[in-house]
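**Student:** Here is my input; please provide its structure:
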Amino acid sequence: MDWKYEKGRIFYNDEKGELMAEATYVDLGNGIIDIDHVYVNPVLRGQGVAEKVMKEVISFLRKEGLKADATCSYANSYLKKNKDEYSDIMADDFDSYDAACKIDGKH
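**Tutor:** The predicted structure follows:
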């Protein structure tokens, strides 16, 4: 996947320009971001793409020296489930964040 980076999002479009996968985040300051949404196009669901999105986000966090909180329910549960592997990028107050799905009518 050819991941693209913009302020507040990491995403992948297919050759036609259709959004196939993305993670959005908000800069909370002090080197912490909130992963607030993970999206996978319906044609790719069930193929492990959401995990690939998270691995790209984690790579970005490590490269940039950032830590994460996650209000996106998928991102939150993924990081908690893999806490031993990703504790280095989880904010100190990670467990105090409530997860909630961000629905905008499109996803």
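**Student:** in this protein, which residue is closest to the centre?
**Tutor:** Central residue of the chain (Cα atoms, centre = their mean): residue 23, 4.2 Å from the mean position.
**Student:** mind checking pLDDT for that one?
**Tutor:** Residue 23 is assigned 98 on the pLDDT scale.
**Student:** Tell me which residues are up against the helix ranked longest in the chain.
**Tutor:** Longest among the helix segments of the chain by residue count, using DSSP state H, is helix 49-64. If you take Cβ atoms under 8 Å, 6 or more residues apart in numbering as the criterion, helix 49-64 is touched by 1, 3, 5, 10, 20-23, 25, 33, 35, 38, 40, 66-68, 74-75, 78-79, 86, 88-89. From N, CA and C alone the C-beta is placed, and that goes for glycine too.
**Student:** pLDDT averaged over that helix - what is it?
**Tutor:** Average pLDDT, helix 49-64: 98.
**Student:** just how off-centre is whichever helix or strand residue 23 is part of within its chain?
**Tutor:** Counting by DSSP states H and E, the element that carries residue 23 is strand 19-29. Computed by Cα atoms, centre = their mean, to the nearest Å, the separation of strand 19-29 from the middle of its chain amounts to 6 Å.
**Student:** That concludes my questions; thank you for your assistance.
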